[in-house]
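**Q** Give the three-dimensional model of this entry:
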Amino acid sequence: MPEKIDELLPTAREIQKQAALQEAERAEQYARRTAAAESEKHKLIEKLSKPSGLTEDEKVKLASTVIQRAVRNGLSEVQVYRFPHTLCTDNGRAINQQEPGWEKTLTGIAQEIFQLWSDYLKPRGYRIRYQIVDFPGGVPGDISITIAWGE
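**A** Residues are numbered from 1 along each chain as shown. I've put the predicted structure just below:
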């Protein structure tokens with residue numbers, strides 16, 4: 001038997017302790033990453049819940065660019081925005097139920113897009129559709145905004 005067996009081969013209890021410490025470190029790293037991701041998500045949602053800061057001319061030009069690109073690609077509609085349901089004052093319930101007045105629940109950029117459509121695109125025959133596009137855990141998730149011009 002080697003003389004320094006204790007140095008060469010730790011006990012099972014010591015190995016278990018090392019494994020537990022490594023697992024705790026991995027859990028701590030995961031918790032830090034999760035907290036950072038949540039913080040970034042909250043900052044993004046905060047930003048999206050506020051007006052974009054674009055002028056009316058910039059908004060119309062951007063809409064024109066997006067629509068023209070879609071037309072060149074043979075499309076008759078285009079998703080122009082996707083946002084979390086939490087940006088609606090009712091968490092997307094009215095949109096999901098297609099209730100009259102659902103547009104009053106919009107905030108930030110989602111509301112700006114509706115106003116742009118109402119002011120400039122609707123009079124020119126464009127349609128708009130807000131719809132829940134996923135249901136994580138059975139509850140409304142992201143909402144899609146689609147502009148359409150075809151039949």
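**Q** neighbours around L8, how many?
**A** Residues near L8, counting by other Cβ atoms under 10 Å, number 8. All C-beta atoms are positioned from the backbone trio N, CA, C, and that covers glycine.
**Q** confidence score at it?
**A** The per-residue pLDDT reported for L8 equals 79.
**Q** ok, which stretches of the chain are helices?
**A** 5-8, 12-48, 56-72, 93-97, 108-116 (DSSP state H).
**Q** Please name whichever of those is nearest to G125.
**A** Nearest to G125 among those is helix 56-72 (11.8 Å), distances taken as Cβ to Cβ.
**Q** Tell me the helices and strands packed up against the closest one.
**A** When contacts are defined as 3 or more Cβ pairs under 8 Å, 6 or more residues apart in numbering; DSSP states H and E, helix 56-72 sits against strand 77-84, helix 108-116, strand 142-148.
**Q** and those as CSV, adding distance to Q22 and mean pLDDT?
**A** Below are those laid out as CSV (distance: least, Cβ to Cβ, whole Å; pLDDT from 0 to 100):
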stretch, distance to Q22, mean pLDDT
strand 77-84, 35, 92
helix 108-116, 44, 93
strand 142-148, 37, 95
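**Q** Serialize those to CSV and add fields for mean neighbour count and distance to D57.
**A** Below are the helices and strands packed on helix 56-72 laid out as CSV (neighbours: other Cβ atoms under 10 Å; distance: least, Cβ to Cβ, whole Å):
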stretch, mean neighbour count, distance to D57
strand 77-84, 17, 17
helix 108-116, 19, 11
strand 142-148, 18, 18
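**Q** Next, format these as CSV and append distance to K17.
**A** Converted to CSV, the helices and strands packed on helix 56-72 look like this (distance: least, Cβ to Cβ, whole Å):
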stretch, distance to K17
strand 77-84, 43
helix 108-116, 51
strand 142-148, 45
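**Q** related to what we said a few turns ago, out of the helices of the chain, which is closest to F135?
**A** Across those, F135 has its closest neighbour in helix 93-97 (9.0 Å, Cβ to Cβ).
**Q** Output the helices of the chain as TSV; include the columns distance to E151.
**A** TSV is the format used below for those (distance: least, Cβ to Cβ, whole Å):
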stretch	distance to E151
helix 5-8	79
helix 12-48	32
helix 56-72	14
helix 93-97	24
helix 108-116	22
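**Q** Appreciated, that's everything.
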